[in-house]
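Enquirer: generate coordinates for the sequence data below:
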Amino acid sequence: MADQVAGLLNRGIGSVVTVNGMLSMPERADALDRIRLGDAAIVLTSPEQLRNRGVVESIKQRKIGSWVLDEAHCLSSWGHDFRPDYRYVGRFIRERSAGEPPAPVICLTATAKPAVVEDILRHFRDEVSIELEVFNGGAQRDNLTFEVVPTSPAEKLAHIDDLLHHPLPADSDGGAIVYCSARRRCEEVAEYLVAKDWSAAYFHAGLQPERKKQVQDDFIEGRLRVIVATNAFGMGVDKPDVRLVVHADIPGSLENYLQEAGRAGRDAEAASCVLLYTSDDVERQFGLAARSSVRAAPARIRSFCGNTDPLCEHSRENRSLPVRAHRVEQFG
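Expert: Okay, the predicted model is just below:
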């Protein structure tokens, strides 16, 4: 959210503020004062913050012009990244409206399957008594190429290094994201890339907030060329010139993969998305799913692996395989 605020400020929109868990106490008090006193026209926050008394009291002082719910697929229990607090948003809007027609509601998502879309529509129909109209922009990204590259545990680090050299020559701008399934793996890959003279760092949920902010800012501003991360990185990050997204491990679902790979090439220039595949990764994902509290995770992983395995069988001969846009659309 801090990145989104910075982006708006750079565009001359100064009446924006964020309220999130990474703010210091003085920063939070200042943000709430700006909301309460009318100095902030745009408030960026998380659904979890809507249960905070200070946030609620500040919002009560203002007339709401519209409600915008980003990453709206998180609202649906059918979604790949379900967050229960998203389902509190409808109730909050209803109670805030106090019997009056609510301000316009906009829900945004790039990775909603039909069942997820229907769940979002039903939620706001039941909770807020409004009918949302669906605008489907499609999932096709003609500037992205998708490849599945078979590898082995012994070759994987060298493969990542080789992949980085083509999209990121020394005299070019842009960056790369390498996704790993575990925190320790992120640290190992980042350490290897630094030893190979890449300006790289790791990012995961175990970092202190100050370190997270530093790594994220360094990557966005170009001081880091490569960030090695778990799926804790990426949501809300506005870096248009990501030239390469590498998945060093198979993600937990096809939806996760599309969302993470879709962070490449947001400037509409050519970019590459590469999935490094080993059979060990499939077993690791089943192990992670077994430890997950999300009941649907094993089915999602089987769905992903079921669609990936035939691709990789074919890729052993071709070494790489573009994923056709129409295959992406049916999941998008």
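Enquirer: can you classify the residue lying closest to I220 once chain neighbours are set aside by secondary structure?
Expert: With sequence-adjacent residues excluded and distances taken as C-beta to C-beta, 6 or more residues apart in numbering, I220 is closest to K239, at 5.0 Å. Every C-beta, even on glycine, is put in place using the N, C-alpha and C of the backbone. Assigned with DSSP: H, G, I helix; E, B strand; the rest coil, K239 falls in the coil class.
Enquirer: wait, K239 touches G265, no?
Expert: No: with contact defined as C-beta atoms under 8 Å, K239 and G265 do not form a contacting pair (10.7 Å).
Enquirer: those two: which is more packed in?
Expert: G265 (24 against 21; other C-beta atoms under 10 Å).
Enquirer: please report how far that one lies from V242.
Expert: Separation of G265 from V242 (C-beta to C-beta, to the nearest Å) stands at 7 Å.
Enquirer: quick one: common contacting residues for the two?
Expert: Shared contacts of G265 and V242 (C-beta atoms under 8 Å, 6 or more residues apart in numbering): A271.
Enquirer: what's around V128, how many residues?
Expert: For V128, the number of neighbouring residues by other C-beta under 10 Å comes to 20.
Enquirer: tell me the contacts of it?
Expert: Applying C-beta under 8 Å, 6+ apart, the residues near V128 are G90, I93, R94, S97, P102, V105.
Enquirer: where does the residue nearest to G206 when sequence neighbours are not counted fall, phi/psi-wise?
Expert: In space, G206 comes closest to R183 once its chain neighbours are excluded; the distance is 5.3 Å by C-beta to C-beta, 6+ apart. Main-chain dihedrals, R183, degrees, to the nearest 10: phi -60, psi -50.
Enquirer: R183: neighbour count?
Expert: Applying other C-beta under 10 Å, we find 17 residues neighbouring R183.
Enquirer: that one contacts A205, correct?
Expert: Yes: between R183 and A205 there is a contact under C-beta under 8 Å: 7.4 Å.
Enquirer: now the common contact residues for the two.
Expert: In terms of C-beta under 8 Å, 6+ apart, R183 and A205 are both contacted by the residues T230.
Enquirer: quick one: the contacts of V128 as JSON lines, columns for neighbour count too.
Expert: Below are the contacts of V128 laid out as JSON lines (neighbours: other C-beta atoms under 10 Å):
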{"residue": "G90", "neighbour count": "23"}
{"residue": "I93", "neighbour count": "20"}
{"residue": "R94", "neighbour count": "17"}
{"residue": "S97", "neighbour count": "15"}
{"residue": "P102", "neighbour count": "18"}
{"residue": "V105", "neighbour count": "17"}
